[in-house]
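S.K.: the following comprises the amino acid sequence and a computationally predicted model.
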Amino acid sequence: MRVITVSAICFEREDGAVLTVRKRGTSAWMLPGGKPEAGEGAAACAVREVLEELGVEIALDRIEPMGDFETRAANEAGFALRASVFRTRDAIAPEPLAEIEAVRWIDPAVGIDDEAEAPLNRELVFPMLLAERARQR
């Protein structure tokens, strides 16, 4: 199976909502990020992509690794997805730029059942966030 490699950032608000984005011409909501350029590390890729896509400048030391995940790609049928996901709780004011058509904040408890959310979010990232939330109670 063909594999798409991406880096993404899980932006978490104080209320627990997560930022997801939808690219122009697609229906799936996903974490902001994208494909690395030649020789670019995963964290640097994620930071560059959110600057290009959302106008959000974030320092490398403000994100932490959340994990490396594998699932199926949301918008490319027949492709697997390998994603390095980082997270931050820094407050941001994202604007849809470049190929991003829309942004939304969604509670993982709602997003886990939203078929419009990418498999990465529904199957891996949101369950992880909800498990963390449950442990903290």
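M.R.: Here it is on my side, so go on. Keep in mind it's a predicted model, so treat the numbers as computed, not measured. Numbering: from 1, shown residues only.

S.K.: neighbours of residue 89, how many?
M.R.: 12 (other C-beta atoms under 10 Å). In this view, the C-beta of every residue, glycine as well, is placed from N, C-alpha and C.

S.K.: name the nearest residue to it, ignoring sequence neighbours.
M.R.: Leaving aside its sequence neighbours, residue 89 sits nearest to residue 12 (C-beta to C-beta, 6 or more residues apart in numbering; 5.1 Å).

S.K.: what residues does whichever strand or helix holds residue 50 touch?
M.R.: Secondary structure from DSSP states H and E places residue 50 in helix 42-54. For helix 42-54, contacts defined as C-beta atoms under 8 Å, 6 or more residues apart in numbering pick out 6-9, 21, 32-37, 40, 56-60, 63, 65, 84, 86, 92, 94-100, 103.

S.K.: quick check, central residue of the chain?
M.R.: Note on the chain: the residue nearest the mean C-alpha position is residue 31, at 1.9 Å, using C-alpha atoms, centre = their mean.
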